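In: predicted model and sequence follow; I will ask about them next.
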Amino acid sequence: MTTLVLIPARMASARLPGKPLADIAGLPMIVHVARRAAQTGLGRVVVATDTVEIADSVAAHGFEAVMTRADHESGSDRIFEALTALDPHGQVDTVVNIQGDLPTLDPAIVSAALRPFEDPAVDIATLGVEIVREEEKTNPAVVKIVGSPLSASRMRALYFTRATAPWGEGPLYHHVGLYAYRRAALERFVALGPSCLEGREKLEQLRALEAGMRIDVEIVNSVPLGVDTPADLERARTILSS
């Protein structure tokens with residue numbers, strides 16, 4: 001299996017503009033993410049961006065970047081453009097999409113995201129973590145997975161929601177927004193139009209489920225810190241400076 005790791009990054013952010021180049025312990029955030037992606041050893045790592053300054057910074061630190069259009073509506077659209085530019089002859093089997101705002105990402109959990117592909121019926125693989133903090137169970141910013149268990153560490157996703165679900169006794173799972181796509185699945189996904197439930201929940205992955213695509217979830221033990229606000233950035237600086 002030939003794997004390409006892509007990191008979409010853009011300067012525009014409502015809550016933290018310019019965050020890919022925010023300094024964390026002496027390095028731009030996007031470089032921290034690229035380093036951790038490289039540590040997975042899964043394959044070629046490329047930052048996909050619409051901003052020359054990001055591409056230049058990535059290259060200056062020894063990593064690869066590819067320019068993409070500025071008008072993409074989602075990170076999936078951006079990584080698909082990058083895939084077709086980097087691999088026009090279709091040699092890549094699997095694409096891993098790592099968000100560019102995860103500077104403390106554990107490389108081990110990236111590798112875990114590929115395990116569901118042991119089943120050839122799986123189109124898209126992703127990660128989940130059992131929720132242990134009570135406040136997260138009702139927090140709409142924490143996306144929950146409703147899934148059917150396949151084993152102690154894996155489930156088949158039936159739905160993703162910002163509501164507290166499923167109802168009743170049992171664990172709840174926090175969705176980690178890191179995806180692995182089979183190439184054909186990514187091609188199909190980006191060709192689909194936005195779906196009804198995707199628009200209602202503001203969750204892109206529901207487009208795949210509504211189209212009948214299969215998403216399996218590997219359960220891991222840690223949630224990477226996503227940097228969306230100045231407070232998140234300060235927390236990342238504290239973690240990576242220690």
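Out: Cool, the structure landed. Residues are numbered from 1 along each chain as shown.
In: before we move on, what SS does residue 31 have?
Out: Here residue 31 is recorded as helix under DSSP: H, G, I helix; E, B strand; the rest coil.
In: got the contact list for it?
Out: Taking CB atoms under 8 Å, 6 or more residues apart in numbering as the criterion, residue 31 is in contact with 57, 58, 61, 63. All C-beta atoms are positioned from the backbone trio N, CA, C, and that covers glycine.
In: please identify the helix or strand for the residue nearest in space to the middle of the chain.
Out: Among the residues of the chain, the one closest to the centroid is residue 178, at 2.6 Å (CA atoms, centre = their mean). Counting by DSSP states H and E, the element that carries residue 178 is strand 173-182.
In: ok, residue 202 - contacts?
Out: Applying CB under 8 Å, 6+ apart, the residues near residue 202 are residue 162.
In: I'd say the residue nearest to the centre of the chain and residue 100 touch.
Out: No - using CB atoms under 8 Å, residue 178 is not in contact with residue 100; the gap is 11.6 Å.
In: picking up where we left off before, what's the pLDDT at the residue nearest to the centre of the chain?
Out: Predicted confidence (pLDDT) for residue 178: 94.
In: quick one, what contacts it?
Out: 96, 97, 98, 99, 102, 105, 109, 110, 113, 126, 127, 224.
In: again, 6 Å this time
Out: 98, 113, 127 (CB atoms under 6 Å, 6 or more residues apart in numbering).
In: and for residue 190?
Out: By CB under 6 Å, 6+ apart, the contact set of residue 190 is 76, 77, 80.
In: which of these lies closest to residue 214?
Out: Relative to residue 214, the closest of these is residue 76; by CB to CB it sits at 16.5 Å.
In: assumed the closest one was part of a helix.
Out: Yes - assigned with three-state DSSP, residue 76 falls within a helix.
In: that one - how many residues pack around it?
Out: 21 (other CB atoms under 10 Å).
In: from residue 142, how far out is it?
Out: 21 Å (CB to CB, to the nearest Å).
In: and if you look at residue 217?
Out: 15 Å.
In: these two - which one has more neighbours?
Out: Using other CB under 10 Å as the criterion, residue 217 and residue 142 rank with residue 217 on top: 26 against 19.
In: quick check: which element contains the more buried one?
Out: Residue 217 is part of strand 215-220, with elements assigned from DSSP H and E.
In: on that earlier part again, right, and the helix or strand after the strand holding residue 178?
Out: Next along from strand 173-182, by DSSP H and E: helix 183-191.
In: and that next one with strand 173-182, angle?
Out: Calculated by axes from the mean of the first three to the mean of the last three CA atoms, to 10 degrees, helix 183-191 forms an angle of 110 degrees with strand 173-182.
In: any regions of the chain where pLDDT drops low?
Out: Of all residues in the chain, none has pLDDT under 70.
In: got the domain ranges for it?
Out: Domain segmentation of the chain under the TED database yields 1-101, 106-223.
In: can I get these in CSV with distance to residue 231?
Out: Formatted as CSV, the domains of the chain follow (distance: least, CB to CB, whole Å):
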stretch, distance to residue 231
domain 1-101, 10
domain 106-223, 13
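In: of these, which is nearest residue 237?
Out: With CB to CB as the criterion, residue 237 lies closest to domain 1-101 of the domains of the chain, at 5.3 Å.
In: from the chain's centroid, how far away is the closest one?
Out: Between the centre of domain 1-101 and the centre of its chain there are 11 Å (CA atoms, centre = their mean, to the nearest Å).
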